[in-house]
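K.L.:
let's see this in three dimensions:
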Amino acid sequence: MTQFGCGSLALASRYNHCVLDGAAARDFEKNLAAFTRGDDLVIVPNPDRTIFKARNPPRISHPHHEYSKPSETRDNFFSGGGKRCTNVMHFSTPHNTTHLIHIPPQRIASLKMAALKDGKLKKCTTFHAIAAKVWKARSIATKIHDEVCSTMLFPVDVRRIVVPPVQIGFAGNALVPGCARASVRELKDKEDSYIVRKVQEGVERFDDEYVRSGIDWLEVHRGTPCNENSFSLVAWFRLGLEEDVFSWGKLKYATPVVLKPGLVFLLPGLEGDGGLNICLDLPDDQVDEFHRLLME
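P.N.:
Below you'll find the predicted structure:
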């Protein structure tokens, strides 16, 4: 926590993501805000993780392209955990600059309209539209070959998906990676509705059995999130961290302090703006191309 001369305050927190996900961290922040106001706990933490134990025996009922087996992990492939790849990503400097790209509400609206205009989709949310555009733009900007399958991972909160649902206040990690997969050629050539539909399918495949099958897959293979030609898109703008009221007032802005390659964050715009900020780590030449493709 840092006090600046102008009277503003910076609050920093650090979590082990294996133990705590964004929703649980949000609950922690709500309780912390309550304590600064002199109030009691707003949400009672529930650390019981037994609901996410693997079945005995494990029962894998679905393919799980969102994961990679340990034997498939190679140093020359890019991973969501921050590894660098020589055949996909062309890094111009040892450490890239973190870039923040603002997407105004008008641009978000136009992306949604473009996805719906051919009548093949019944709906298109802000996340669907932005995710599809980021996936396409990043896959092309990072110079992945046309015939290569590009994978976009995105955390799915399964608290309300599993049966029985997770109790309110769950202080653990209930995020499971959803994924959208397509060749780079498809991303270049197909219409907007096709790419958005790929994202929607990545969300819609989740039900209790799919989640249980994924847990069992990990129990058997001891794998990791897909690490081949992949990146992770994290929708922080859904967390509502700026809504917490501390004794000194509301947060002005919430953002990750350190950004690993392979992670792209969707952050809220300034209060009342209605837009989004895309935060990512790429070399300058690639981020210029990414920005161009994002706005075309």
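K.L.:
the residue nearest the centre of the chain is in what secondary structure piece?
P.N.:
Residue closest to the average C-alpha location in the chain (Cα atoms, centre = their mean): V234, at 1.8 Å. Using DSSP states H and E, V234 maps to strand 230-235.
K.L.:
what's that strand packed up against?
P.N.:
helix 126-141, strand 149-157, strand 263-268 (3 or more Cβ pairs under 8 Å, 6 or more residues apart in numbering; DSSP states H and E). Placement of C-beta: from N, CA and C, glycine included.
K.L.:
touching the first one from outside, list them.
P.N.:
Translated: helix 126-141. By Cβ atoms under 8 Å, 6 or more residues apart in numbering, the surrounding residues in contact with helix 126-141 are 103, 108, 111-112, 114-115, 150, 152, 154, 180, 184, 187-188, 192, 195-196, 198-200, 231, 233, 235, 238, 264, 266, 276, 278, 280, 282, 286-287, 289-290, 293-294.
K.L.:
can you select the buried ones from the residues you listed in PyMOL?
P.N.:
In PyMOL, this line selects whichever of those come out buried by 16 or more other Cβ atoms under 10 Å:
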select buried, resi 103+108+111+112+114+115+150+152+154+180+184+187+192+195+196+198+199+200+231+233+235+238+264+266+276+278+280+282+286+287+289+290+293+294
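K.L.:
returning to that earlier point: who touches the residue nearest to the centre of the chain in this structure?
P.N.:
Contacts of V234 (Cβ under 8 Å, 6+ apart): 22, 154-155, 263-266.
K.L.:
out of those residues, who's nearest V257?
P.N.:
Within the contacts of V234, proximity to V257 (Cβ to Cβ) peaks at F265, which comes in at 11.5 Å.
K.L.:
report the contact partners of that closest one.
P.N.:
For F265, the contacting residues are 234, 236, 255-256, 259, 278-280, by Cβ under 8 Å, 6+ apart.
K.L.:
okay if I get those residues as TSV plus pLDDT and secondary structure?
P.N.:
TSV is the format used below for these (pLDDT from 0 to 100; DSSP: H, G, I helix; E, B strand; the rest coil):
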residue	pLDDT	secondary structure
V234	94	strand
W236	88	helix
T255	76	coil
P256	76	coil
L259	78	coil
I278	95	strand
C279	94	strand
L280	93	strand
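K.L.:
ok so, going back, now the helices and strands packed on strand 230-235 in CSV, with mean pLDDT?
P.N.:
As requested, the helices and strands packed on strand 230-235 are exported to CSV (pLDDT from 0 to 100):
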stretch, mean pLDDT
helix 126-141, 97
strand 149-157, 97
strand 263-268, 93
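K.L.:
and the helices in this structure, which stretches?
P.N.:
Secondary structure of the chain by DSSP state H: the helices cover 22-36, 105-116, 126-141, 184-189, 192-204, 208-221, 284-295.
K.L.:
now do the second one against helix 126-141, angle only.
P.N.:
In this case it means helix 105-116. Taking axes from the mean of the first three to the mean of the last three Cα atoms, to 10 degrees, helix 105-116 and helix 126-141 form an angle of 90 degrees between their directions.
K.L.:
same for helix 105-116, what does it pack against?
P.N.:
For helix 105-116, the elements it packs on are helix 126-141, helix 192-204, judged by 3+ Cβ pairs under 8 Å, 6+ apart.
K.L.:
what are the contacting residues of it?
P.N.:
Helix 105-116 is contacted by residues 121, 123-126, 128-130, 132-133, 192-193, 196, 273-276, 295 when judged by Cβ under 8 Å, 6+ apart.
K.L.:
out of those, which end up buried?
P.N.:
Neighbour-count burial (16+ other Cβ under 10 Å) is assigned, among the contacts of helix 105-116, to 121, 124, 126, 128-130, 132-133, 192-193, 196, 276.
K.L.:
between these, which is nearest Y210?
P.N.:
The closest of these to Y210 turns out to be H128 (Cβ to Cβ; 19.1 Å).
K.L.:
distance of the closest one relative to E219?
P.N.:
Counting by Cβ to Cβ, to the nearest Å, the gap from H128 to E219 is 31 Å.
K.L.:
now do K120
P.N.:
Distance of K120 to E219, computed by Cβ to Cβ: 38 Å.
K.L.:
compare neighbour counts for those two and give me the winner.
P.N.:
Of the pair K120 and E219, E219 is the one with more neighbours under other Cβ atoms under 10 Å, namely 16 against 13.
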